[in-house]
Structures are given as C-alpha cells and as structure tokens.
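1. sequence below, structure please.
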Amino acid sequence: MAWCPYSFGFSIASFALGVLVAGGAAAQDYPIRPVRIIVPFAAGGGADILARLLGQRMHENRGQPVVVENRTGAGGNIGAEVVAKSPPDGYTLLLSTASTAVNTTLYPKLPFDLRKDLIAISQMASSAIVLVTHPSVPARTVRELAALSQRTRGGINFGSNGAGTTSHLAGVLLSQMGRVALNQIHYKGVAPAMTAMLGGEVEIAFPAVLAGLPHIRSGKLRGLAVTTRQKSFVLPDLPTLDSMYPGFDIYNWFVLFAPGRTPQSIVNLLHAEVVKALQHPDVKAFIVREGAEAVGNSPAEVASFINSEVEKFAKIIKGAGVKAE
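-> Model prediction:
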C-alpha cells in the first residue's frame with residue numbers, strides 16, 4: 001500500500017484533536033480529588049503561607065481540599081523533584097522561590113530539568129531585597145561602602161542566608177559590579193544571619209525587605225539601597241542599586257509549578273485560580289505585609305521569566321565560582 005501524506009496528516013490532526021478534547025474534559029472535571037501543593041521549605045515561611053492561602057481559595061472555588069506539604073532539603077531540590085516526577089495531572093503542584101532557578105546552575109547534577117520536567121503556571125508575587133549595614137559602619141551610601149571596603153584588610157564582613165541564596169548572590173553581584181570587597185560568612189537561614197547582623201558580628205547583609213524593615217525603622221540597621229530596578233513601595237526613600245550599577249536586579253519571587261506535560265487546559269485553569277486568589281483581600285493583605293507585589297502573569301510570560309532568571313543566576317554563579325555547601 002502506498003504511503004499517503006494526506007491520510008498521515010489526517011491521523012496526526014485526529015490525534016491532536018483527541019488530546020485537546022481529552023485535556024478539555026480533564027479540565028472540566030478537575031479536580032475530582034484532593035490536590036497537593038508541595039512547598040520545598042519549612043512551614044511558616046513566605047512560600048508556605050502563600051501556598052496555604054492559595055489552597056484555601058482553590059478549595060472554596062473548586063470544592064476539593066488542597067493539602068500543603070512541606071518537603072525540605074537540598075536547598076529546595078527535594079520538594080521540586082517530587083513534583084517533577086509526579087503524574088502530569090494537576091494533582092501535585094509546587095510553590096517555590098527564586099532558589100529553583102538558582103539551583104539549576106548551583107547543583108549541576110540535578111535529577112530533573114527545571115525547564116522540561118516542570119511547567120510554570122504563574123509568578124504569584126515578587127519581593128525586593130535590601131542592602132543593610134550595622135550602624136557602626138561609617139558608610140551612609142553604597143559608594144562610601146565600596147570605598148571603605150577597599151581600605152579594609154580582608155574586606156567587609158558580609159553575612160548571607162546561606163551559599164547560593166538570593167541574599168548571597170546579591171552580595172556576589174555587588175562585589176562584581178560595585179567593586180565592594182567582601183568577606184563572605186554564610187549562615188543557615190535568615191534568622192541566624194539577622195542575629196549576627198544585629199549583634200555586629202557582620203557589617204552588611206541582604207535580607208528581604210520584610211526582614212530588614214523593622215530594624216531599619218528602629219535604627220538598629222541602616223538601609224542603603226534595594227536590589228530591584230524599581231524602588232520598593234515599603235522603603236521609597238532608598239535608591240536602587242540599578243541606578244548606580246545598571247543591570248543590578250535580584251529579588252525574591254514565588255512561582256506555582258506543575259509537572260511537565262500537564263495538559264494546557266489544566267494549566268490555564270490553575271492560572272485562573274492564581275489570578276482569582278491574588279484578588280482576594282486575605283491574599284492581598286499578606287502580600288503587602290511581606291513587602292511584596294502581586295504579579296499573576298500568564299504561563300507563557302512566566303516561562304520566559306524563568307528562562308531569563310536561570311540565565312541571570314548562571315552568569316553570577318559561574319562568574320564567582322559559587323558552590324553549594
């Protein structure tokens with residue numbers, strides 16, 4: 001029997017139509033059982049609270065329970081791997097942070113591929129990081145800090161939230177772009193880093209705006225600049241590092257992911273749920289308290305965003321030879 005391109009094309013079209021119909025049916029019935037949102041960090045953090053708020057809104061809108069499960073370890077990789085290897089049916093989701101993009105380069109032998117095995121649904125929110133100094137540091141501007149660091153043997157003591165965190169990479173980028181000499185000291189999380197900062201063990205740090213704000217207001221720390229290209233609505237008087245070093249742009253973000261190959265109809269439905277949740281008063285209030293800003297971009301937009309973030313962090317990590325601890 002001779003091969004007929006028309007019949008082959010028809011079979012492909014029929015198959016594609018079948019996939020679309022099946023996907024549409026899946027979305028129409030979704031969910032018919034409880035949904036899990038994996039948070040790859042400890043309970044009580046920003047990602048955990050945001051996941052629980054989203055889960056509550058989804059439960060109210062879709063009628064099925066949403067269970068938040070904390071799978072910590074390996075800088076967020078353990079929880080991400082659980083979702084990457086789950087069935088692509090929309091019943092296991094991941095709510096993670098910028099660490100997901102960082103880890104793609106920081107851990108070169110990951111058992112999953114962020115851009116193939118996970119699909120980004122939407123960036124829910126973003127939050128600036130703030131450069132702070134201890135009041136004993138005789139520098140009131142970033143330029144003065146850079147000059148001081150060059151005169152200080154061994155550099156200024158910089159306390160990060162851990163190797164490879166956005167806090168650490170913000171310091172690395174400041175060192176690269178601003179010629180600020182830093183002696184890096186890594187702590188296991190924001191709490192011990194802030195304790196060291198307040199106690200004068202280190203001289204500068206890059207906490208999230210929310211973590212630094214009360215200490216800046218009380219005078220226990222001095223804010224010098226924010227790390228985003230736009231000023232922070234929480235600290236509007238502080239300049240941006242981008243205004244001094246063009247291209248300086250690091251911040252925390254929260255993105256909802258599903259396993260790769262999840263039907264587009266379910267992806268679209270989940271995106272709609274995110275957009276609805278971001279409009280709810282409880283979610284709005286939390287985001288403002290976090291010193292963050294709501295986003296809610298489309299799957300296509302967040303996919304492009306993730307690619308750019310992976311490339312940005314790869315450049316910083318490789319340029320400085322950053323290694324995971």
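
2. for the host helix or strand of residue 38, packing partners?
-> Secondary structure from DSSP states H and E places residue 38 in strand 35-39. Applying 3 or more C-beta pairs under 8 Å, 6 or more residues apart in numbering; DSSP states H and E, we find strand 35-39 packed against helix 46-62, strand 66-70, helix 77-84, strand 92-97. Quick note: C-beta positions are derived from backbone N, CA and C, even for glycine.

3. so what strands line up beside it?
-> Paired neighbours of strand 35-39 in the sheet (DSSP bridges): strand 66-70 (parallel), strand 92-97 (parallel).

4. list the contacts of it.
-> 45, 47-48, 51, 54-55, 58, 64-71, 79-80, 82-83, 90-96, 256 (C-beta atoms under 8 Å, 6 or more residues apart in numbering).

5. before we move on, back to that, can you say which of the strands paired with strand 35-39 is packed in most?
-> Here the criterion is mean neighbour count by mean count of other C-beta atoms under 10 Å, and of those the winner is strand 92-97, at a mean of 25.

6. for residue 205, what are its contacts?
-> Neighbour list for residue 205: 131-132, 158-160, 167, 193-194, 197, 212 [criterion: C-beta under 8 Å, 6+ apart].

7. how does it look with 10 Å?
-> By C-beta atoms under 10 Å, 6 or more residues apart in numbering, residue 205 lies in contact with 129-134, 157-161, 167, 170-171, 185, 187, 190, 193-194, 196-198, 211-212, 221.

8. try residue 320
-> So residue 320 contacts 168-169, 171-173, 175-176, 184 (C-beta under 10 Å, 6+ apart).

9. could I get the strands paired with strand 35-39 as CSV with mean pLDDT and distance to residue 313?
-> Conversion of those to CSV gives the following (pLDDT from 0 to 100; distance: least, C-beta to C-beta, whole Å):
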stretch, mean pLDDT, distance to residue 313
strand 66-70, 97, 24
strand 92-97, 97, 12
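
10. looking at these, which is closest to residue 312?
-> Between residue 312 and the strands paired with strand 35-39, the tightest spacing by C-beta to C-beta is seen for strand 92-97, at 14.7 Å.

11. what about residue 301, which SS state?
-> On the three-state scheme (DSSP: H, G, I helix; E, B strand; the rest coil), residue 301 is labelled helix.
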